[in-house]
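In: could you look at this predicted model? Sequence included:
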Amino acid sequence: MGPARSAPLTAREAGLVACPGCALLSPQGTADCPRCAARLHSRRPNSLQRVWAWWFAGIIAYIPANIYPMLSTYTLGRRSDDTIISGVIELIALGSWSIAFIVFFASVCIPLMKFAVIGWLVFSVQRGVRDPKSSMHLYEIVEFIGRWSMIDVFVVAILSALVQLGFAAQIAPGPAAACFALSVAFTMLSAQAFDPRLLWDAARTDGNE
Amino acid sequence: MDVLACPTCDLLNEVPRLGPGDRARCARCNRLLVARRRNAIDRMLASGAAVTILMVAAVFLPFLSISEMGFRNAASLFDVAASFSRGINVPLTLAVAACIIFIPIARVLALYAALLPVRLGWRPAPQAARLFRLAEALKPWSMAEIFIVGTSVALVKLGGIAQVYYGPAFWAFVLLVLVIALEQAIVDRTTVWDLLDPRP
């Protein structure tokens, strides 16, 4: 770097672009990373549109996931359906408070929190970010924790595979399982489409005005 | 001194040459930029081998079985994925099998194809960089650890209904989760990219 470097620069301000795959710096305008051949963009193209698209897809899938049953239990010829919420209530009735809390947190709190946080992040990029550091921490939390919503889908898979005891007891997955898994995948893609560098760009322009 | 751009905030950081065990964080957003490890490549390859062996055991041995009122039923990992093989849930069969079996294996294969040649002192394979990037990109979709938590939830739910027996595949899978967690903690991307650099 030059000797007269006083204020910290971003790669973009220095006329450089960092590779998303291997972090190598190249001059802006380079098409592909010379080290790992990844396509280079200073910022992910159409990041916010992609975030919104996956976000809406996630919400749309989340609605039937909560209305339809996750699984149906047949015991001695009688059938009972469980939605996400009634599954949690059943766990509480069994006295397993900690497990009920895990399922409630993974299937209800995490998805709702994700929708709220991602929506808020995109909104704040468009309006100007006051505190990019804590916004970025929120983003990191959402990206890290989002996959854990899949717990309930796996619970349904294991229960339906195991509980095939003829007339005594049978468990079958319900249509909510596919909707819920789709919703989780869509929100993961939504979070991945978000470019956290936009938070810092938005803070910058805000301060200069 | 190296200059590195932070992947989350784009700030240019001056990072000194680091030795094994050292870490560097972004000056502005505190994101981890570099984590050097001793024998990084050897450890990644070793944990990849462990994942493969444990996955073979987890797939082909009995996973869990239950019995109640004289009825008995056993399920393997494939049976668990196949439980979604009806109606709207059919695509979930593939998705679940991918998340718990195929993607962890694909990551190991990609790592081996990328790293084994350079470890043996050969030139990197032509697609090595692409394969390593693939292994990194697949990480969030490899859900073995989430599956094992799901298993414990299911076992609690079953506690009142039936007697549960743990097969060897169950314990293999628990070990597998631990190895994958360890593997993710020892990735040293700086070393990998230095090795895979095709430029003179």
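Out: Ah, there it is.
In: pLDDT weak spots in the chain?
Out: In the absence of a named chain, this looks at chain A. A:1-7, A:204-209 (pLDDT under 70).
In: please refer instead to chain B.
Out: Residues of chain B that meet the criterion pLDDT under 70 lie in B:200.
In: could I get the full set of helices for it?
Out: Taking DSSP state H as the criterion, chain B contains helices spanning B:40-60, B:77-82, B:90-97, B:103-119, B:128-137, B:144-159, B:168-186, B:189-196.
In: over to chain A?
Out: Under the criterion DSSP H, chain A contains helices at A:47-67, A:84-93, A:97-104, A:110-127, A:132-145, A:151-162, A:176-193, A:197-208.
In: picking up where we left off before, okay, the helices of chain B in TSV with distance to chain A and mean neighbour count next?
Out: (Each C-beta comes from the backbone N, C-alpha and C, glycine too.) TSV is the format used below for the helices of chain B (distance: least, Cβ to the nearest Cβ, whole Å; neighbours: other Cβ atoms under 10 Å in any protein chain shown):
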stretch	distance to chain A	mean neighbour count
helix B:40-60	14	18
helix B:77-82	4	22
helix B:90-97	5	18
helix B:103-119	10	19
helix B:128-137	4	21
helix B:144-159	3	21
helix B:168-186	11	17
helix B:189-196	5	19
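In: right, and these - which one's nearest residue A:72?
Out: Comparison of the helices of chain B against residue A:72 by Cβ to Cβ identifies helix B:144-159 as nearest, at 14.0 Å.
In: quick one, what contacts the closest residue in space to residue A:152 that isn't next to it in sequence?
Out: Take residue A:152 and drop its neighbours on the chain: the residue closest to it by Cβ to Cβ, 6 or more residues apart in numbering or on different chains is residue A:107, 4.5 Å away. By Cβ atoms under 8 Å, 6 or more residues apart in numbering or on different chains, the contact set of residue A:107 is A:84, A:88, A:149, A:151-152, A:180.
In: coming back round to it: now render the helices of chain B as a markdown table, adding distance to residue B:71.
Out: As requested, the helices of chain B are exported to a markdown table (distance: least, Cβ to Cβ, whole Å):
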| stretch | distance to residue B:71 |
| --- | --- |
| helix B:40-60 | 24 |
| helix B:77-82 | 16 |
| helix B:90-97 | 24 |
| helix B:103-119 | 33 |
| helix B:128-137 | 43 |
| helix B:144-159 | 13 |
| helix B:168-186 | 20 |
| helix B:189-196 | 51 |
